[in-house]
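**Q** sequence plus predicted model, see below.
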Amino acid sequence: MQGSEAWAAAAVALGTTDSERILSRLAKRTFLSMWSYVNVFRDAGQKNGRGAGTELCDLLVVFGDHIVMFSDKHCQFNESIDVGVAWRRWYSSAIEKSCRQLEGAEKFVKHHPGRLYLDPLCTVPFPISLPKPEQAIFHLVAVTRGGHKAGEKFFGMGSSGTPILCTTLVGNDHYAVPFHIGYPLPSKRFVHVLDEMAVDVLLGELDTARDLVDYLSAKEAYITARPWVNLAGEEDLLARYMMSEIAGRRGLALDHGGDEDVMVLEEGDWFGYRNGPEQVGRRFANADSYLWDEIIEWHSSHVQLGVAATAEQVIGESDFSSDHELVLRAMASESRLSRRILVEQLMALLAQDVPPGQARTRLVSIDKQRGYVFMAATPETGAAYQEYRAERAKHARAYVLGFAARLPLLREVVCIVSEPGGQPGTQDMLYVRLGDTLSAGEIEAFAELAQSRDILRPDTPVVLDGRPRHDFPVKFEITYPPVRVVDRTAGATQPKKRRGDCRSAAKRRKQTRAAKRR
């Protein structure tokens, strides 16, 4: 199989088991097909280049500096025997084994980043460039299926059934405490352990690469910075994250400003968050934003098949990046809120009437470091289509350089060029990554280009949409149960008592959710 054919096949592959297929669909919706791959192989199992390689992990995501490794195991929990015995067996197969696989996969990639392949015979190299080892940020995610119903039964009283996160548990400590997860690896390398409900919630709520890796990073930093964290469930932590803001960005603002090292979060936040009018309003507001995902996937399919045109082919010049993954990754780096804003601007442009031989342009910048040039252009009457396409690409290039010159803080500019809405045709993308400043030669070249095309003259104002946008159109007014903060001087912080609290008090907190709902 040729490289491009293998890449295209791997991009749409959904795994070999039912649980892998479920996970793959969820991950591809979040990270999209360009950056998420099931059943990636390493050549560690080969001898002298012969034989089959071994599977690295069930799903590998490489997105910029972030590498997310998933292990997915479905093990049926035996509810016909003592829960303590059943838990030990299930934990060993479903969680401990997954975490060890992920730890080994992380070590392999750190030491051998160039030995990953898309096929078992290790003939087709992994198509996405991995970050440098010193820049790579690894996230390990163990997805466990088959125990959720048993968890609901164990906690009772209408609890969600997701495991309690109790970080005083390390390694073999887990065998004595059913449905509580801390650090499964003795090294205390943090692993996100998600059951079937938690992974659905997480990848359903955070359905962009930017949103998900931001959450994983915030969760890891928050939990590993404290000796003891006791959280009712992944979904409740996620609800608090979605509702919190630190320095203008979402974060885990659970502290109360004191010198605490023990944190307890009770159950109930997710139910209030998920069913409130605020979240319903957010889902409606996000509906059009998925057009952004569709544009990325449409272009990705052409790149993976090896049929995407380059700048040399369109305009005969190569000063713009021909690395298609760069431009698509820049677009995929946008959050769901940013995609909502960008699609609104793009649709407004494409709805305009554009006379033959003319173009309409809209300049957009959300985070002040990445700018977008949206352009709708129509060919001259009777003009050859290929000539029209080359001419509009050159016109777009002038706008890209002009935008960069007018806003010196920009570090990259993406241009999307299309025919106006309703007209069939092609879509071009241009991408430029900028240094700290534009050189005198670049500024002079832009000035000449702008003058020749009569665009972005010095007296032309660049007006950006600066209206404040809110992720939740309706303001939250939900009253949550308080976060319990335990001071380090409290007697409850003794290690042995913490483990006892994990098993008893935390379970009782899970059992109160049904009463709170009523």
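**A** Yep, it's here. Residues are numbered from 1 along each chain as shown.
**Q** for the stretch 351-500 of the chain, what spans make up the strands?
**A** Assigned by DSSP state E, counting those that start in this stretch, the strands in the stretch 351-500 of the chain fall at 359-365, 370-377, 412-418, 427-433, 484-487.
**Q** likewise for the stretch 1-150 of the chain?
**A** 36-42, 54-63, 66-74, 116-117, 137-145.
**Q** before we move on, what about the stretch 151-300 of the chain?
**A** With DSSP E, counting those that start in this stretch as the criterion, the stretch 151-300 of the chain has strands spanning 164-170, 180-183, 192-195, 228-231, 245-246, 249-250, 260-265.
**Q** alpha carbons of the longest helix anywhere in the chain, in CSV - could you do that?
**A** Longest helix in the chain, counting residues (DSSP state H): helix 385-406. What follows is helix 385-406 as a C-alpha-only set of coordinates in CSV (Å, rounded to 0.1, in the frame of the first residue of the first chain):
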residue,chain,number,x,y,z
TYR,A,385,-10.7,29.0,-14.3
GLN,A,386,-7.1,28.1,-13.5
GLU,A,387,-6.0,31.7,-14.3
TYR,A,388,-8.7,33.0,-12.0
ARG,A,389,-7.6,30.7,-9.2
ALA,A,390,-4.0,31.7,-9.5
GLU,A,391,-5.0,35.4,-9.6
ARG,A,392,-7.2,35.2,-6.5
ALA,A,393,-4.4,33.3,-4.7
LYS,A,394,-1.9,36.1,-5.4
HIS,A,395,-4.5,38.7,-4.3
ALA,A,396,-5.0,36.7,-1.1
ARG,A,397,-1.2,36.6,-0.6
ALA,A,398,-1.1,40.4,-0.7
TYR,A,399,-3.8,40.6,2.0
VAL,A,400,-1.9,38.1,4.2
LEU,A,401,1.3,40.1,4.1
GLY,A,402,-0.7,43.3,4.6
PHE,A,403,-2.5,42.0,7.6
ALA,A,404,0.8,40.9,9.1
ALA,A,405,2.3,44.3,8.5
ARG,A,406,-0.6,46.3,10.0
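**Q** can you check what angle separates it from strand 370-377?
**A** Orientation of helix 385-406 against strand 370-377 (axes from the mean of the first three to the mean of the last three CA atoms, to 10 degrees) gives an angle of 150 degrees.
**Q** what residues sit buried inside helix 385-406?
**A** 388-406 (16 or more other CB atoms under 10 Å). No exception for glycine: its C-beta is placed from N, CA and C like everyone else's.
**Q** in this structure Gln266 contacts Leu231, no?
**A** Small correction: residue 266 is Glu, not Gln. No - using CB atoms under 8 Å, Glu266 is not in contact with Leu231; the gap is 9.0 Å.
**Q** neighbour count winner among those two?
**A** Leu231 (26 against 22; other CB atoms under 10 Å).
**Q** what bridges to the more buried one?
**A** Beta-bridge pairing of Leu231 under DSSP bridges involves Leu165, Leu265.
**Q** buried sites along stretch 359-373?
**A** Buried residues in stretch 359-373 (16+ other CB under 10 Å): Ala359, Arg360, Thr361, Arg362, Leu363, Val364, Ser365, Ile366, Arg370, Gly371, Tyr372, Val373.
**Q** what residues are up against the third one?
**A** Contacts for Thr361 (CB atoms under 8 Å, 6 or more residues apart in numbering) come out as Leu349, Val373, Phe374, Met375, Ala376, Tyr399, Ile455.
**Q** my read: the first one touches Ala376, true?
**A** What it means is Leu349. Yes - if you go by CB under 8 Å, Leu349 and Ala376 touch, sitting 5.5 Å apart.
**Q** as a markdown table, the strands of the stretch 1-150 of the chain with mean pLDDT, mean neighbour count and distance to Ile223 would be great.
**A** Shown next, in a markdown table, are the strands of the stretch 1-150 of the chain (pLDDT from 0 to 100; neighbours: other CB atoms under 10 Å; distance: least, CB to CB, whole Å):
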| stretch | mean pLDDT | mean neighbour count | distance to Ile223 |
| --- | --- | --- | --- |
| strand 36-42 | 89 | 23 | 25 |
| strand 54-63 | 92 | 23 | 21 |
| strand 66-74 | 93 | 23 | 17 |
| strand 116-117 | 92 | 22 | 29 |
| strand 137-145 | 95 | 23 | 13 |
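**Q** which one of these lies closest to Arg340?
**A** strand 54-63 (20.3 Å; CB to CB).
**Q** what strands flank the closest one, and is each parallel or antiparallel?
**A** Applying DSSP bridges, one finds strand 54-63 paired with strand 36-42 (antiparallel), strand 66-74 (antiparallel).
**Q** as a markdown table, the ones you listed with distance to Gly151 would be great.
**A** As requested, the strands paired with strand 54-63 are exported to a markdown table (distance: least, CB to CB, whole Å):
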| stretch | distance to Gly151 |
| --- | --- |
| strand 36-42 | 26 |
| strand 66-74 | 15 |
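**Q** so for Cys99, which of those sits nearest?
**A** strand 66-74 (7.6 Å).
**Q** which residues are common contacts for Leu349 and Ala376?
**A** When CB under 8 Å, 6+ apart defines a contact, the residues bordering Leu349 and Ala376 alike are Arg360, Thr361.
**Q** higher neighbour count, the two?
**A** Ala376 (24 against 20).
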